[in-house]
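Trainee: heads up, no residue letters with this:
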DNA sequence: CAAAGAAATGAGTGATTACTCACTTTACAG
DNA sequence: CTGTAAAGTGAGTAATCACTCATTTCTTTG
């Protein structure tokens, strides 16, 4: 049977975008994906982000996806396996290689400032968060209850993100761009400011009228002045 | 002045502290509280913060509190009622009058700077968060799933916190202390920096060695420089 | 002490949960 | 077409859930 257009009330939005990180994962690993499996993932992301993993039931996911409950367990051994298949790719994409490549380019260009670096990073991650808002909300909500996520994030952060960013901070410190403070402190300031904007922008007050470019420029200026030696 | 000598670094298991906001509520309303009821609250706070509201079972709360399951429902009509009785007082105390009174004093003293204002606020709220870490963790985790919490926070924020802080920001802007930017933007920066420190300090990396006073001073300097006109 | 009401109990309830499995349908190569 | 493996189904299952209630234990007070 083809897709029966039974529902269609909620959605039609941009799931090809909203689930980009997950689908990319399947593309990269050459794993075939069924139409019903895609609908299961879409429904699961919706419901997990709406009511949280623990309060979401597999029966509700099945009915919203328009499949039988057993179909979920044909593709994912457990409910937790379904969660993992949604969140894990997002964690991996979180410290995207794109950013790290960009970062190296910036470090090679001597005329770039710390502000330019921060602006590029923030724009890129804001775009990523826009495309993965629901999945990121699930990650944020569930990270404290699932040690696997903590381990993945811990590794990603301490072995990929932190060393690179630390190098960048030291680079701009040597250049005399920013004050010589512990990179952990600077990193925390920069990250919390960025996260604060992205979180407020997309999750807390998404309906507010936002001028992203203006806000980003103001933050760049704020950070540049605040971190001046 | 008010700071008493700290006994040890790890005093998070001191419930007379950890549940201070909740018990204050009972004191203020002259409600009698049973020993078993106190133990139910303690167990509920522990388990809610450990595994989240939805994944916590009333039977586990009862057994950890050392009471029968029925006892919980003698005091709280529903499981959600138990959650509300834990989180609501914390939300109310979140925009503490102490802070607001302090704020007025600061505004009256013309020699105080925006940095002093921020320092006082951050110290006070860090202390509050230290005493209510588990309850605040529950609040943060559950706020997106319970509209009652959102309504309480919304009201607290837009009717008490925001107007006062906005007044303060405008005061320091008129004084020439800080740059004339929208108070929403400044508030977001100040709040996310503060929250970022408190959250990292108490919830993400509580076992890290922290020098609170040094970190606060650095943040004060960062903000002062960053917001300079 | 005794009466009375409040506090506490724990077995019992129907609803819901994640998950299974024997079975049917579909897709597709030969 | 036929054979076969994968995809999909949905009734069934044991466990667990929040919550009830008839009963017992404790506390207060005259």
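Mentor: The structure has been received and is ready for your questions. This is a predicted model, so every value here is computed, not measured.
Trainee: Within range of DNA strand C, give me the residues from chain A.
Mentor: A:1, A:56-60, A:69-70, A:73-74, A:77-80 (C-beta under 7 Å from any atom of the strand). For glycine as for every other residue, the C-beta is placed from the backbone atoms N, C-alpha and C.
Trainee: Tell me, how many residues neighbour the closest residue to DNA strand D within chain A?
Mentor: Residue of chain A nearest DNA strand D, by C-beta to the nearest atom of the strand: residue A:70 (2.0 Å). Residue A:70: 9 surrounding residues under other C-beta atoms under 10 Å in any protein chain shown.
Trainee: Check the residues of chain A next to DNA strand C one by one and keep those near chain B.
Mentor: Taking C-beta under 8 Å from any C-beta of the partner chain as the test, chain B is in contact with none of the residues of chain A next to DNA strand C.
Trainee: out of these, who's nearest chain B?
Mentor: residue A:56 (8.8 Å; C-beta to the nearest C-beta).
Trainee: shouldn't that closest one be in contact with residue A:48?
Mentor: Yes. Contact between residue A:56 and residue A:48 holds when scored by C-beta atoms under 8 Å: they sit 5.3 Å apart.
Trainee: what ranges do the strands span in chain A?
Mentor: With strands called from DSSP state E, chain A shows none.
Trainee: What segments of it are helices?
Mentor: With DSSP state H as the criterion, chain A has helices at A:15-18, A:20-28, A:35-51, A:58-65, A:69-75, A:79-94, A:97-108, A:114-131, A:133-142, A:147-156, A:162-174, A:183-199, A:212-227.
Trainee: Any chance of JSON lines for the ones you listed, columns mean pLDDT?
Mentor: Shown next, in JSON lines, are the helices of chain A (pLDDT from 0 to 100):
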{"stretch": "helix A:15-18", "mean pLDDT": "45"}
{"stretch": "helix A:20-28", "mean pLDDT": "65"}
{"stretch": "helix A:35-51", "mean pLDDT": "96"}
{"stretch": "helix A:58-65", "mean pLDDT": "98"}
{"stretch": "helix A:69-75", "mean pLDDT": "96"}
{"stretch": "helix A:79-94", "mean pLDDT": "95"}
{"stretch": "helix A:97-108", "mean pLDDT": "73"}
{"stretch": "helix A:114-131", "mean pLDDT": "93"}
{"stretch": "helix A:133-142", "mean pLDDT": "98"}
{"stretch": "helix A:147-156", "mean pLDDT": "95"}
{"stretch": "helix A:162-174", "mean pLDDT": "92"}
{"stretch": "helix A:183-199", "mean pLDDT": "97"}
{"stretch": "helix A:212-227", "mean pLDDT": "98"}
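Trainee: Can you add distance to residue B:186 and give those helices back as TSV?
Mentor: Output for these, formatted as TSV (distance: least, C-beta to C-beta, whole Å):
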stretch	distance to residue B:186
helix A:15-18	32
helix A:20-28	33
helix A:35-51	30
helix A:58-65	42
helix A:69-75	47
helix A:79-94	29
helix A:97-108	28
helix A:114-131	18
helix A:133-142	25
helix A:147-156	30
helix A:162-174	25
helix A:183-199	12
helix A:212-227	9
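Trainee: Out of those helices, flag the one nearest residue B:111.
Mentor: Distance to residue B:111, taken as C-beta to C-beta, is lowest for helix A:212-227 among those, at 23.0 Å.
Trainee: The closest one to helix B:212-226, inter-axis angle?
Mentor: Taking axes from the mean of the first three to the mean of the last three C-alpha atoms, to 10 degrees, one finds helix A:212-227 and helix B:212-226 inclined to each other by 120 degrees.
Trainee: Could you pull up the contacting residues of residue A:72?
Mentor: Residues near residue A:72 by C-beta atoms under 8 Å, 6 or more residues apart in numbering or on different chains: A:40, A:58, A:61, A:62, A:65, A:82.
Trainee: just the buried members of the residues of chain A next to DNA strand C?
Mentor: In these, burial by neighbour count holds for A:56, A:58, A:60, A:79, counting by 16 or more other C-beta atoms under 10 Å in any protein chain shown.
Trainee: Could you list the contact residues of chain A toward chain B?
Mentor: So chain A meets chain B at A:51-52, A:54-55, A:137, A:141, A:144-145, A:181, A:185, A:188-189, A:191-193, A:195-197, A:200, A:215, A:218-219, A:222-223, A:225-228 (C-beta under 8 Å from any C-beta).
Trainee: Buried ones among the residues you listed?
Mentor: Buried, going by 16+ other C-beta under 10 Å: A:51-52, A:54, A:137, A:141, A:144-145, A:181, A:185, A:188-189, A:191-193, A:195-197, A:200, A:215, A:218-219, A:222-223, A:225-227, out of the residues of chain A next to chain B.
Trainee: and the residue of chain A closest to DNA strand D, how far is that from residue A:76?
Mentor: Applying C-beta to C-beta, to the nearest Å, the value for residue A:70 to residue A:76 is 11 Å.
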